[in-house]
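Chemist: structure for this input, please:
(one chain, ligands or ions: 1)
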Amino acid sequence: MQAIRTALPDVILLEPKVFGDDRGFFMETFNVQTFQRLTGCAKPFVQDNHSRSTRGVLRGLHYQLGARPQDKLVRAVAGSILDVAVDIRRGSPTFGKWVGEILSAENKRQLWVPVGFAHGFIVLSETAEVLYKVTDYYDPQGERAIRWNDPDIGVDWSYQGEPLLSAKDAVAAAFRDAEVFP
Ligand SMILES: Cc1cn([C@H]2C[C@H](O)[C@@H](COP(=O)(O)OP(=O)(O)O[C@H]3O[C@H](C)C(=O)[C@H](O)[C@H]3O)O2)c(=O)[nH]c1=O
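Modeler: So this is what the prediction gives:
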C-alpha cells in the first residue's frame, strides 16, 4: 500500500499492492498498521458501509457534525466513481477547496477523507458499488449536506447531464449557509 498526496494535504489517496497471477488477484485492502503509518490516524473504524448506485447518481456533499463526526475510507469494488472531498474547516488555508479522485474496481484505489471534509461521489459507470469504513456510528441528527453544485466550491463532477439526487441532497444547504468546522 502506498500513499499518494492530493491537493488537500489531509485527504490521501491509498493504492494497494495487487498480487496478480493466472487465477486473478489478491490484495490487502486494509491493514491497521499500514493505515496508521500512511494517514497518521489512530482512530478505530467502527462501521462498514456499502452502497450501490446507477450511472449519474450523486451522493453528497455530506458530512457529520455533533457527537459523531465520521472519518471515511472509501473504495469502489464495482464500477467507477469520481470521489470528492471538500475542505470545510473555516480556519484551514484550503477552506472551500476540493479534490476529486477516480476510484474504481480497476484501479483499486481508496480515498481517506478525514473529519473536517465534506464527501460525495458521482457514478461514472453503468453501476458502482462503494464500500467505506467510518470511524464513528451513524447519527442522523449529525448528518449535514452541502449542495453538490455550489458555485462557491465549484466541483467539476466530470459528468454531462443532471445527476440523480436523493430528496435530501436536492435541497441541501448552500456552502455559505452551511454549519462548518472551526
Ligand atoms: C449513511 C447511513 C445511512 N443509513 C440509512 C439512512 C437512510 O434511510 C438510508 C440512506 O441514507 P442516505 O440517503 O443518507 O445515504 P447516502 O446518500 O449514501 O449518504 C452517505 O453518502 C455519502 C457519500 C457519505 O459520505 C455518507 O457516508 C453518507 O451521508 O440509509 C444508515 O442506516 N446508516 C448510515 O450510516
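
Chemist: can you pull the contacts of I12?
Modeler: Each residue near I12 by Cβ atoms under 8 Å, 6 or more residues apart in numbering is listed here: 3-6, 38-39, 111-112. Bear in mind the C-beta positions are built from the backbone N, C-alpha and C, glycine included.

Chemist: so it bridges to which residues?
Modeler: R5, W112 (DSSP bridges).

Chemist: what confidence value was assigned to it?
Modeler: We have a pLDDT of 98 for I12.

Chemist: ok, for R52, nearest residue in space, not its chain neighbours?
Modeler: Among residues not flanking R52 along the chain, E129 sits closest, at 4.8 Å (Cβ to Cβ, 6 or more residues apart in numbering).

Chemist: measure that neighbour to R55 for me?
Modeler: Taken as Cβ to Cβ, to the nearest Å, the spacing of E129 relative to R55 amounts to 13 Å.

Chemist: who touches both of those two?
Modeler: Shared contacts of E129 and R55, defined by Cβ under 8 Å, 6+ apart, are absent.

Chemist: state the helix or strand in which the residue nearest to R52 lies.
Modeler: Element membership for E129 (DSSP states H and E) is strand 127-134.

Chemist: list the contacts of that strand.
Modeler: The contact list for strand 127-134 (Cβ under 8 Å, 6+ apart) reads 30, 45-55, 70-81, 103, 121.

Chemist: show me which residues of this protein sit near the ligand.
Modeler: 49, 51, 59-60, 62, 72, 119-121, 138, 166 (Cβ under 6 Å from any ligand atom).

Chemist: and with 8 Å instead?
Modeler: For the chain, the residues in contact with the ligand (Cβ under 8 Å from any ligand atom) are 47, 49, 51, 59-60, 62-64, 70, 72, 74, 113, 119-121, 130, 132, 134, 137-138, 140, 143, 145, 166, 168-169.

Chemist: of those, select the buried ones using a ChimeraX command.
Modeler: ChimeraX command restricting the residues of the chain next to the ligand to the buried ones, with burial defined by 16 or more other Cβ atoms under 10 Å:
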select :59,60,62,63,64,70,72,74,113,119,120,121,130,132,134,145,169
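
Chemist: ok so, going back, buried ones among the contacts of strand 127-134?
Modeler: Applying 16+ other Cβ under 10 Å to the contacts of strand 127-134 flags 45, 53, 55, 70-76, 79-81, 103, 121 as buried.

Chemist: tell me where the longest helix sits in the chain.
Modeler: In the chain, taking DSSP state H as the definition, the longest helix is helix 32-39.

Chemist: quick one, whichever helix or strand comes after that helix and strand 127-134 angle?
Modeler: Sequence-wise, the next helix or strand downstream of helix 32-39 (DSSP H and E) is strand 47-54. Angle, strand 47-54 to strand 127-134, by axes from the mean of the first three to the mean of the last three Cα atoms, to 10 degrees: 160 degrees.
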